[in-house]
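Undergrad: Next one to model:
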Amino acid sequence: MVVWVYSGGGEAEVRGFFPFLEKTFPGCRFERKTPVRQKPGPKANKAGSYGRTGQSLIEQIKQELPIALKAEPNKCDLILVFDDLDCRDSQKQKEKIEETWSEIQRFPLL
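TA: Down below sits the predicted model:
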C-alpha cells in the first residue's frame with residue numbers, strides 16, 4: 001500500500017515521524033509529498049514549504065495534490081494529512097480538508 005503524506009512543519013518533525021509510521025505500519029510505503037526537502041545553499045523562496053500549518057497547509061495541498069495525482073495516477077492508496085493544529089478546532093480543520101478534497105475531485109486531472 002502506498003501512502004502519500006502531506007505534513008506541516010519542517011524537516012525535524014517529519015524525520016522523526018516517518019520511522020514511527022514505517023515501524024507501526026510495515027505493509028505500507030510512505031512517500032512524503034510535503035514539506036518538500038530543503039537542499040543546502042541559498043534559498044530562492046524562503047516561504048517555500050516549511051512551517052505550513054492550518055489554512056496554509058490546505059492551500060499547499062490544493063496546489064500539490066492535483067500535480068501528484070496527474071503525474072502518478074493510480075499510485076496512491078491512501079492520503080495522510082498530518083497537522084499539529086496549534087490550538088485550532090480539530091473538527092473545523094477536518095471539514096476544511098474534506099472540502100479541499102471535494103474541490104480537487106470535481107476537476108478532471110487531464
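
Undergrad: What is the least confident helix or strand in the protein?
TA: Least confident element among the helices and strands of the chain, by mean pLDDT, DSSP states H and E: helix 11-24 (a mean of 81).

Undergrad: how about the helices of the chain, start to end?
TA: Secondary structure of the chain by DSSP state H: the helices cover 11-24, 54-71, 90-106.

Undergrad: between the second one and helix 90-106, how big is the angle?
TA: Using axes from the mean of the first three to the mean of the last three C-alpha atoms, to 10 degrees, the inter-axis angle of helix 54-71 relative to helix 90-106 is 30 degrees.

Undergrad: same question, the first one
TA: Calculated by the same axes, to 10 degrees, helix 11-24 forms an angle of 80 degrees with helix 90-106.

Undergrad: So for helix 11-24, what gets flagged as buried?
TA: Within helix 11-24, the residues that qualify as buried are 14, 17, counting by 16 or more other C-beta atoms under 10 Å. C-betas here are computed from N, CA, C, even on glycine.

Undergrad: ditto for the longest one
TA: Applying a neighbour-count criterion of 16+ other C-beta under 10 Å, the buried positions in helix 54-71 are 57, 58, 60, 61, 64, 65, 66, 68, 69.
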